[in-house]
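Student: Return a 3D structure for these sequence lines:
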Amino acid sequence: MKRQIFKAFEYPEFRIMWLGACTSSIGTWMQNLAQSWLVYELTKSAWYLGLDAFLGQIPIFLFSILGGVVADRKDRRKVLVVSQIIQMSCAFLLATLAYLHIVQVWHILALSFTVGTAQAFGGPAYQALVPSLVKKEDLQNAIAMNSIQFNVARVIGPTIGGVTLAKFGAVWCFGINALSFLAVIFTLTKVAPRPPAMTHKEPILESMKVGLRFIRDNSAMRSLVALAFLMTLLGVPLLTFLPVVAERVYHLGEDAYSSMLVISGIGSVVGGIFVAATSNYQKKGLLSLVALGTLGALIFGFGIAPNFYVSLVMLFCAGAALIACFGLVSSLVQAIVQDSMRGRVMSVYNVAFRGGMPFGAFAAGKAIESFGVQQVLAANGLLLMLITGIFFFTQRRLARL
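Tutor: Numbers count the residues shown, from 1 in each chain. Below you'll find the predicted structure:
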């Protein structure tokens, strides 16, 4: 069992990239924690928190399909390096603005949009590169291990970030994040260059249409893309508005917020291990629907939790369910698509998966100001349960995957 869970680590290039990505993710979570707290401290507004999340994610919705075309035409490793350099520069700039005590909320919003644009091109390139590092039969395990590294970082990053924010301030969180990108850039130099997947250079617009047609003509792929969008639209606001829950509901400070992120991250690691351990399970589509329905129930439970400690239990379990659903859906998408179209198809999936985040954050941020954070999160949970039932009865092919 242990060997099956860590199967992808038998591939040296994957192992190197995993370590670099984990280091960078720790820095990113440190910045996310400090940035969310700084935005809320500057504005005292849930709407601005939602707007920051919206601006960080909306470029992925707008530009990822173009990023997928680039990933199929160019050296995916070089695309990733450029993306990392841009994100590193933004982190350094934010650290400088905070150090000089001249940072304003519009600075943060503009930098979030720039980072999101870089991720719109780096994300498809990374997702298309990973399958080339392992054998096809070990792909779900590799995806699960990537989820685990991301969520190990969600545990370590907020833990270090919470202490750093409390003791030294946001500047250090931003600066450490900037330095962490060097780890990814270094590890990418150790990965052998991959030639572009497309040998025939058709026009960019036509190339984008081919990727969209592939998804349109495949009912299972359409269902998976829709599922990814709805999962993040209604599920991710749980994490986006934790600062509001900590302060408004439980009247606690940044330490409580950091603890909530850590607990959610630990749950997500458990969810990632579950996905890695079930890589040979046949009915992944059905399992993903079970995970989605469970996520909805747990978000509803978090929304009606009577105290802080019950909310932590709900948050732990919700973190596991969210990553289990993400890992299962991602592995199904990767298994369906061929390598020559992987960048384009994964970019559309990325649009759906990441595109749900800004719209969900923006809508929830507006609704929270009118109805309250617990009420909005509970409603999101109920909607996820309803959607799971609709998919189960109307998308039978997905349940059979």
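
Student: What does the pLDDT read for Ala246?
Tutor: As predicted, Ala246 sits at a pLDDT of 88.

Student: Span of stretch 275-283 from start to end?
Tutor: Separation of the first and last residues of stretch 275-283 by CA to CA, to the nearest Å is 12 Å.

Student: mean confidence for that stretch?
Tutor: When pLDDT is averaged along stretch 275-283, the result is 71.

Student: From the centroid of this structure, which residue is nearest?
Tutor: Residue closest to the mean C-alpha point of the chain, counted by CA atoms, centre = their mean, is Arg354 at 6.9 Å.

Student: in what helix or strand does that residue lie?
Tutor: Applying DSSP states H and E as the criterion places Arg354 in helix 342-371.

Student: Give me the buried positions along that helix.
Tutor: Within helix 342-371, the residues that qualify as buried are 342-365, 367-368, counting by 16 or more other CB atoms under 10 Å. The way it works is simple: take the backbone N, C-alpha and C, and place the C-beta from them, glycine included.

Student: How far away from the center of its chain is the helix or strand encompassing Phe113?
Tutor: Phe113 is part of helix 105-129, with elements assigned from DSSP H and E. Put simply, helix 105-129 sits 12 Å off its chain's centre (CA atoms, centre = their mean, to the nearest Å).

Student: Contact partners for the residue nearest to the centre of the chain?
Tutor: 57, 60-61, 64, 119, 123, 232 (CB atoms under 8 Å, 6 or more residues apart in numbering).

Student: Of those, which belong to helices?
Tutor: In helices, judged by DSSP state H, the following of these are found: 57, 60-61, 64, 119, 123, 232.

Student: Pull the most distant pair out of those residues.
Tutor: Gln119 and Thr232 (14.2 Å; CB to CB).

Student: Report the next helix or strand after the helix or strand of the chain with the lowest mean pLDDT in sequence order.
Tutor: For the chain, counting by mean pLDDT, DSSP states H and E, helix 2-5 ranks last in confidence among helices and strands (a mean of 58). Read in the C-terminal direction, the helix or strand following helix 2-5 is helix 12-43, with elements assigned using DSSP H and E.

Student: mind checking how far that following helix is from the chain centre?
Tutor: 11 Å.

Student: With stretch 233-251 instead?
Tutor: Its chain's C-alpha centre lies 17 Å from the corresponding centre of stretch 233-251 when counted by CA atoms, centre = their mean.

Student: Check which residues of it are buried.
Tutor: Neighbour-count burial for stretch 233-251, counted by 16+ other CB under 10 Å, picks out 233-247, 249-250.

Student: do stretch 296-313 as well
Tutor: Within stretch 296-313, the residues that count as buried by 16+ other CB under 10 Å are 296-303, 305, 308, 311-312.
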